[in-house]
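> Just a sequence and a predicted model for now, questions to come.
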Amino acid sequence: MKLDVYINQSRVGTLEQVDVSRYVFAYQEGIAASQMVSLLMPVRTESWVHSALHPVFQVSLPEGALRQLLTKKFAKHFAYFGDLELLALVGSHLVGRLQLAPQGSALSMSSPSEDLQTLLKSSSQEIVGHFLDEHAHFSGVSGGFPKFLAKSPASTADTARKNTLVFDQWIIKSNDDQHPHLILNEYFGLRIAQQMGLEVPEFHLSDDTNRLVLRRFDVTENSSANLAFEDMCSMLALNAGDKFSGSVEKIIKKISEFCPMAHRKTSLEQFYAQYLLCMAIRNGDAHLKNFGLVYTRTDDVRLAPVFDMLSMSVYAPRAQNGDALDEPALSFGGVKRWFVEKNLHELAERCFVTRRFEETTSHRLVESMLIVAAEVVAKACQQADFGASAQRMLELWAFGIHIHSSQASAKLSSMAQSLTR
């Protein structure tokens, strides 16, 4: 199969699988340097050959349940149903500025339009069933849980994972049966990031707390041109399945290598603060695909906003000391383990942040976690079935914040214990 490759609706080249382990992307003549499909694949006359699908084309490739659904629904229409066939289905609707379509076919510019307020009031079962049935092929988005693409009405101003319904301007995330209160978990993780002053897309929680709506950060306001987005798997030339194979140091190296001076300092500072938050709330799912770069050209590359933040270790076994019997997704200093105090300074040095920024970030993190912890307790008191998950979340936060403040750690432990009474 051969696909035409577009950047914001302008054709730039072709992608073809010529045999089992040979994928070829070729730019067409006259393409501007700013129209590169990847920071690692600049415009040139020679083709780009890879033994698997080029990592940049895997950034939004559906995974998990969504891929299974699409395979079940559409595989019968193909002699073989692999990555290129999957991209042929969803390629017109990907996160970022890349679009793909079967060679000679027009891009599908239509997109489902749903009333977000109605979606937020409907049951999760109704919504997931509706999108699985009607709109799955509009959904070019990665992740281990179901995700879908559509469009929100222009008149909708207010809207509210790991099950995710993705819109042209919004991503709707729904609860997963295997991970109780996943949406509340992520909501409070994003609330801490927001409270800390990190760049976080607009987000809203549904009334029944089963769904979360997150505005897409790659879609620019009043513009039909999306920002390019590459996750760190793509930037490290790794397949999506290798998302747990990276290190914090490699991410920092890519930020330093590709972010120009105008954005490098703020991107490194943001990554430093974001990763400290991951450690503090025990986000054991902070892998390579949860960090990325956005850009329009090589001279405006910067770290993407926080788009995935939750205490994933809530779902891990309990260690003897009460912490999570879990480990971070990425290594630091050659090992995968939760930070101890010296790691704070080591990460600060690697990110070239000042001691003042280090101290300020630690202070903001402590204050933000305490503020949001009070919100967690309030929600648990309001929603009884959330009590056990809320308690475990706060217990883990107490372990994670201890290296920043033993007093805050004790307070979080006390708040967690209050939920047993």
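That came in fine, so what should we check first?

> And the strands in the stretch 51-200 of the chain, which stretches?
98-102, 163-166, 170-174 (DSSP state E, counting those that start in this stretch).

> Can you classify the closest residue to His181 other than its chain neighbours by secondary structure?
Distances taken as Cβ to Cβ, 6 or more residues apart in numbering place Ser389 nearest to His181, at 4.2 Å, with adjacent residues excluded. (Glycine included, C-beta is placed from N, CA and C.) Look at Ser389: counting by DSSP: H, G, I helix; E, B strand; the rest coil, its state is helix.

> so Asn185 sits right up against Asp308, yeah?
No - with contact defined as Cβ atoms under 8 Å, Asn185 does not count as touching Asp308 (11.5 Å).

> Could you report the pLDDT at Val90?
On pLDDT, Val90 comes in at 85.

> burial count for it?
Residues near Val90, counting by other Cβ atoms under 10 Å, number 25.

> And it, how far from Ile172?
Distance from Val90 to Ile172, counting by Cβ to Cβ, to the nearest Å: 17 Å.

> Ser21 now?
For Ser21 relative to Ile172 (Cβ to Cβ), the value is 37 Å.

> So for these two, which residue has more residues nearby?
Ile172 (29 against 9).

> need the helices for the stretch 201-350 of the chain, in chain order.
Along the stretch 201-350 of the chain, the stretches classed as helices by DSSP state H, counting those that start in this stretch are 232-235, 248-258, 261-280, 341-350.

> With respect to burial, which of those scores highest?
Mean neighbour count (mean count of other Cβ atoms under 10 Å) peaks for helix 232-235 among these, with a mean of 26.

> what does it rub up against?
38-40, 55-56, 58-59, 239-240, 242-243, 246, 250-251, 254, 258, 288-289, 291-293 (Cβ atoms under 8 Å, 6 or more residues apart in numbering).

> if we go to 7 Å?
Taking contacts as Cβ atoms under 7 Å, 6 or more residues apart in numbering, the residues outside helix 232-235 that touch it are 38-40, 55-56, 58-59, 240, 242-243, 246, 251, 254, 288-289, 291-293.

> do stretch 248-256 as well
Contacts of stretch 248-256 (Cβ under 7 Å, 6+ apart): 232, 235-236, 264, 267-268, 271, 275, 291, 303, 330, 332, 350-351.

> Quickly list the domain ranges of the chain.
2-57+64-102, 116-215, 232-421 (automatic domain parsing).

> mean pLDDT for the ones you listed: which is lowest?
domain 116-215 (a mean of 68).

> Would you mind measuring from Met415 to Leu182?
21 Å.

> Which one's more surrounded, the two?
Neighbours were counted for Met415 and for Leu182 using other Cβ under 10 Å; Leu182 has more, 25 against 21.

> so the more buried one touches Ser174, yeah?
No - contact criterion Cβ atoms under 7 Å: Leu182 and Ser174 do not qualify, at 8.6 Å.

> Quick one, which of the domains of the chain gets closest to Asn226.
Nearest to Asn226 among the domains of the chain is domain 2-57+64-102 (4.2 Å), distances taken as Cβ to Cβ.

> And the closest one, end to end?
The first residue of domain 2-57+64-102 is 6 Å away from its last residue (Cα to Cα, to the nearest Å).

> roughly how far is that domain from the heart of the chain?
The chain centroid and the centroid of domain 2-57+64-102 are separated by 21 Å under Cα atoms, centre = their mean, to the nearest Å.

> by contact count, what packs against the one helix or strand Leu412 maps to?
Assigned by DSSP states H and E, Leu412 belongs to helix 406-418. With contacts taken as 3 or more Cβ pairs under 7 Å, 6 or more residues apart in numbering; DSSP states H and E, helix 406-418 sits against helix 355-382, helix 387-401.

> What are the buried residues along the shortest one?
Using 16 or more other Cβ atoms under 10 Å as the burial criterion, the residues of helix 387-401 that qualify are 387, 389-401.

> got it, and the longest one?
Neighbour-count burial for helix 355-382 flags 357-358, 361-362, 364-366, 368-370, 372-373, 376-377, 379-380 (criterion: 16+ other Cβ under 10 Å).

> quick one, what contacts Ser313?
Residues in contact with Ser313 (Cβ under 7 Å, 6+ apart) are 282, 284, 324, 326, 396.

> The last one contacts Ala324, correct?
Spelled out, it's Leu396. Yes - at 5.8 Å, Leu396 counts as touching Ala324 under the criterion of Cβ under 7 Å.

> mind listing the helices for the stretch 51-200 of the chain?
Going by DSSP H, counting those that start in this stretch, the stretch 51-200 of the chain shows helices at 55-58, 64-74, 83-90, 116-121, 124-134, 182-196.

> For the longest one, give me every contacting residue.
Translated: helix 182-196. 161-162, 173-176, 200, 203, 205, 209-212, 273, 277, 281, 283, 306, 309-311, 314, 364-365, 368-369, 371-372, 375-376, 379, 386, 389, 393.

> repeat for stretch 388-406
180-181, 185, 279-282, 311, 313-314, 322-324, 339-341, 344, 362, 365-366, 369, 373, 376-377, 379-380, 408-409, 412-413, 415-416, 419-420.

> rerun at 6 Å
Contacts with stretch 388-406, where a contact means Cβ atoms under 6 Å, 6 or more residues apart in numbering, come from 180-181, 280-282, 311, 313-314, 323-324, 341, 362, 366, 369, 373, 376, 380, 408-409, 412-413, 415-416, 419.

> swap in stretch 23-31?
12-18, 43, 47-50, 53-54.

> Just these: which are in strands?
12-18, 48-50 (DSSP state E).

> among those, which two are most distant?
Val12 and Val18 (19.3 Å).

> neighbour-wise, which of those two wins?
Val12 (22 against 10).

> Contact partners for that one?
Contacts of Val12 (Cβ under 6 Å, 6+ apart): 5, 31, 35.

> list the buried ones in the host helix or strand of the first one?
Val5 belongs to strand 2-7 when elements are defined using DSSP H and E. Residues of strand 2-7 classed as buried by neighbour count (16+ other Cβ under 10 Å): 3-7.

> Specify the angle between it and helix 83-90 in degrees.
60 degrees (axes from the mean of the first three to the mean of the last three Cα atoms, to 10 degrees).
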